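Enquirer: Build me a model from this:
(one chain, ligands or ions: 1)
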Amino acid sequence: MKKISERIFYVGVNDDDKVLFEGLWPIPVGVSYNSYVVADEKVALIDTIESGFEEEFIANIGQAVGDRNIDYLVVNHMEPDHSSLISYMLDRYQGLKIVANAKTVPMLKGYHGISPEDVLVMGEGEELSLGSCSLRFHMIPMVHWPETMVTWLEEENTLFSGDAFGTFGSIDEEVIDNDDTFEQYRDEMMRYYACIVGKYGVPVQTALKKLGGLQIKRICSTHGPVWERNIPAVIDIYDRMSRYEVERGVCIVYGSMYGNTAAAADALAMELEERGIPYAIHDLAGNNAGELGLSGALRDIFRYDTIVVGSPTYNNGIYPPVETFMKALQARLIKGRRFYAFGSYTWAGASVRLLNELASSMNFEILGDGLSFPQAYSRDKVDMSAVADLLG
Ligand code: FEO
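Expert: The predicted model follows:
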């Protein structure tokens, strides 16, 4: 538990054991499931946490409010990393009233069997008085599910923002950020955005415009530190990523069966290094994949303006891990990128052509026909220096 202000208490937990968030995304530095108590004449809990941490959660709430009952449970977002314990809380706290918006009602029924008449339904801009302060609700659909809303506590200039402005990474016991916190979390915030929210750039922009008039002095999101000192940087990174804004640089993403496409990728990286062109390189293939796998590649295609993809021809198609990557780009509606493809084949090349076709379907700027080479890589046969010149 951490006291955030006279009324607000952090009662969330860290999860340092989970390997894959959503069963998909590696979280080597953990994740926090954030929940907050607002204690006034009435006591409100903003979201719950993932199941498996019940004891710690209840202890945190107890430290915050002692024996007081909880009057309201505000459900900003129904994804189970925040809603798993709703039934548990209803069993534990007599008279606890669920506060949610209309789109949440059927999800409460479906996940927890809660009848619509047992939900206090709030609409856009409506307020719930806690006594000396009020909670106000604003809908931010598709950030990250259709039912998502934020809760604004005007008297504290505090935004309980749901997944918006969240990040991977456990948090320390200070909970509230300091001057170094943003830089500490920047890469994990980008990776979180790219993996979880990346498809929803337009709804994020809509939400940012809607919330733009609020005098925000504190952001309490569902994942990561409480932001007070770094609010402009945090909002800026979400703004830039949701506009698909990038810096000059190259993200090389490849898969390789026997090392030839990999050798070409490494050669290109060396050429970019020599030219001083910023780049990142990600191997997606099985045991060779880095700790972050696909998620690291997705983070960096939100960082750089040029995507270079390497794939051998496999079953007359694209090597499956690379195909998954391309589908992930399509799913995230990535736009405004330069694109180049390369890769090896043994008896008939298809991967480079197919990669270019996929890139064309996303309206990327295709930088030439690509480089499809037979059998083994060698520096004499495969001129990655010319490719680097093209990219520069
Ligand atoms: Fe952290 Fe969309 O849930």
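
Enquirer: where exactly do the strands run in the stretch 1-150 of the chain?
Expert: Using DSSP state E, counting those that start in this stretch, the strands of the stretch 1-150 of the chain run over 2-3, 8-10, 13-15, 20-21, 25-26, 31-33, 36-39, 43-46, 72-74, 97-100, 119-121, 127-129, 134-139, 149-153.

Enquirer: The ones you listed into TSV, with extra columns for mean neighbour count?
Expert: Placement of C-beta: from N, CA and C, glycine included. Listed next are these as TSV, based on neighbours: other C-beta atoms under 10 Å:
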stretch	mean neighbour count
strand 2-3	17
strand 8-10	23
strand 13-15	20
strand 20-21	16
strand 25-26	20
strand 31-33	25
strand 36-39	24
strand 43-46	25
strand 72-74	21
strand 97-100	22
strand 119-121	16
strand 127-129	14
strand 134-139	19
strand 149-153	25
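
Enquirer: Now the residue of the stretch 201-350 of the chain found nearest the ligand: closest residue in space that isn't a chain neighbour?
Expert: Of all residues in the stretch 201-350 of the chain, T222 sits closest to the ligand, at 4.9 Å by C-beta to the nearest ligand atom. The shortest distance from T222 to any non-neighbouring residue, by C-beta to C-beta, 6 or more residues apart in numbering, is to N34 (5.0 Å).

Enquirer: same question, A388
Expert: In space, A388 is closest to E271, 3.5 Å off (C-beta to C-beta, 6+ apart).

Enquirer: Check whether the one you found really touches A386, as I assumed.
Expert: No - under the criterion of C-beta atoms under 8 Å, E271 makes no contact with A386, lying 9.0 Å away.

Enquirer: Look at these two and report which has more neighbours.
Expert: Between E271 and A386, counted using other C-beta atoms under 10 Å, E271 has the larger neighbour count: 20 against 12.

Enquirer: Show me where the stretch 251-392 of the chain has its helices.
Expert: 260-275, 293-301, 320-331, 351-361, 384-391 (DSSP state H, counting those that start in this stretch).

Enquirer: Can you tell me which of these is most buried?
Expert: helix 293-301 (a mean of 24; mean count of other C-beta atoms under 10 Å).

Enquirer: what's the angle between it and helix 320-331?
Expert: With axes from the mean of the first three to the mean of the last three C-alpha atoms, to 10 degrees applied, the angle from helix 293-301 to helix 320-331 works out at 50 degrees.

Enquirer: What ranges does the stretch 101-250 of the chain have for its helices?
Expert: Counting by DSSP H, counting those that start in this stretch, the helices of the stretch 101-250 of the chain are 105-112, 181-192, 201-211, 231-242.
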